[in-house]
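A.B. asks: structure for the following, please:
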Amino acid sequence: QVQLAESGGGLVQAGDSLRLSCAASGRTFSRYVMGWFRQAPGKEREFVAAINWSGSSTYYARSVKGQFTISRDNAKNTVYVYLQMNSLKPEDTAVYYCAAASSLVAGPEAESQYAYWGQGTQVTVSS
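C.D. replies: Have a look, this model is predicted:
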């Protein structure tokens, strides 16, 4: 059974940090590109960051580059993907989703490439 489970969201103040985690199991996710997307209230879901299967390549949305860091741990049966978020701003408030793509034929921001998605975790940043 495929499962992508996000955790680590919460309510924080502007300037704080959070680390989101995603536990992916049920497929050989160690060979998948893993990504983070977010959806703010009233807005479309947008790409945040992605990482290739080995962790050697990372991709970031322009809006979070230098502020967020994506990483992964390819454990035996479960792949863990992390999103370290620093200097959080109210505009970072959103539901954050973990996603998995077997390969990328377009840019990492193209949602259609990601076959598996988690349920999301809420991040709220107060000013």
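A.B. asks: M34 sits in which helix or strand?
C.D. replies: strand 33-39 (DSSP states H and E).
A.B. asks: for that strand, packing partners?
C.D. replies: Counting contacts by 3 or more C-beta pairs under 8 Å, 6 or more residues apart in numbering; DSSP states H and E, strand 33-39 is packed against strand 18-25, strand 46-51, strand 68-74, strand 78-85, strand 94-101. The way it works is simple: take the backbone N, C-alpha and C, and place the C-beta from them, glycine included.
A.B. asks: who's in contact with S25?
C.D. replies: By C-beta atoms under 8 Å, 6 or more residues apart in numbering, the contact list for S25 reads V2, Q3, N77, T78, V79.
A.B. asks: who does it bridge with?
C.D. replies: Q3, T78 (DSSP bridges).
A.B. asks: next, the contact list for the spatially most central residue of the chain, please.
C.D. replies: Compute the mean C-alpha point of the chain, and by C-alpha atoms, centre = their mean the closest residue is W36, 2.1 Å away. Residues in contact with W36 (C-beta under 8 Å, 6+ apart) are L20, C22, V48, A49, A50, I70, V81, L83, Y96, Y97, C98, A99.
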